[in-house]
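Visitor: just coords:
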Ligand SMILES: [Zn+2]
C-alpha cells in the first residue's frame, strides 16, 4: 500500500521528497532527545537541498497547527465517542495525546511542508548518476 513514489510514503517515513531513497533526518526516531530537528543538509542520493532557503521550515508551523487538530480530533473520537469518557477525561486525553505525539506532529508537519514544494522525481537518481559520470 505504502510504496516509494507516493507522497504519503515520503510524508510518513520522512524520506527525501524527491527520490524517497533515504531519511531526511539524522536520526529517524523523533523521540530521540536532541535530534528532533537535526536534518541532513542535502540528500546523498539525488542532491536535493532540504532547507531550500533560510528558515524554510518555519512554514511547517502552519501545517503543525492542522496536524495537531487532526490528532486532537482523533483523541476526542476515541475517548469520548468510542470509550465513553467524560468531558473532563476527554479533555485530559486530548492534552496528553498532543504532548505525547508532539515530536511526531512536528516531523509530520515538516514532511508535509517540504512535500508541498518538492515532488517525487523518478528520474532524479539516474540524472544525478549521469551528471556525475560525465564530469
Ligand atoms: Zn533524494
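Guide: Okay, I see it. Just so you know, these numbers come straight off a predicted model, no measurement behind them.
Visitor: when you work out contacts or count neighbours from here on, use the C-alpha atoms and nothing else.
Guide: Noted.
Visitor: what parts of this protein come near the ion?
Guide: Within the chain, the positions adjacent to the ion are 16, 19, 43, 45, 46 by Cα under 5 Å from the ion.
Visitor: mind listing what the fourth one touches?
Guide: Spelled out, that is residue 45. The neighbourhood of residue 45, defined by Cα atoms under 8 Å, 6 or more residues apart in numbering, consists of 19, 21, 22, 125, 128.
Visitor: please apply the same query to residue 10.
Guide: Listed by Cα under 8 Å, 6+ apart, the contact set of residue 10 reads 4, 16, 17, 20, 111, 115.
Visitor: mind listing the helices for this protein?
Guide: 7-13, 60-76, 87-100, 102-117, 124-134 (DSSP state H).
Visitor: would you mind giving those as JSON lines with mean pLDDT and distance to residue 35 added?
Guide: Shown next, in JSON lines, are these (pLDDT from 0 to 100; distance: least, Cα to Cα, whole Å):
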{"stretch": "helix 7-13", "mean pLDDT": "95", "distance to residue 35": "16"}
{"stretch": "helix 60-76", "mean pLDDT": "97", "distance to residue 35": "17"}
{"stretch": "helix 87-100", "mean pLDDT": "98", "distance to residue 35": "16"}
{"stretch": "helix 102-117", "mean pLDDT": "97", "distance to residue 35": "10"}
{"stretch": "helix 124-134", "mean pLDDT": "72", "distance to residue 35": "27"}
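Visitor: can you count the residues close to residue 25?
Guide: Using other Cα atoms under 10 Å, residue 25 has 20 neighbouring residues.
Visitor: for residue 72, which non-adjacent residue is spatially closest?
Guide: residue 94 (5.4 Å; Cα to Cα, 6 or more residues apart in numbering).
Visitor: the one you found reaches residue 75, doesn't it?
Guide: Yes. The pair residue 94 and residue 75 qualifies as a contact (Cα atoms under 8 Å) at a distance of 5.4 Å.
Visitor: about what we covered before: now the helices of the chain in TSV, with distance to residue 37?
Guide: Shown next, in TSV, are these (distance: least, Cα to Cα, whole Å):
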stretch	distance to residue 37
helix 7-13	15
helix 60-76	12
helix 87-100	17
helix 102-117	8
helix 124-134	25
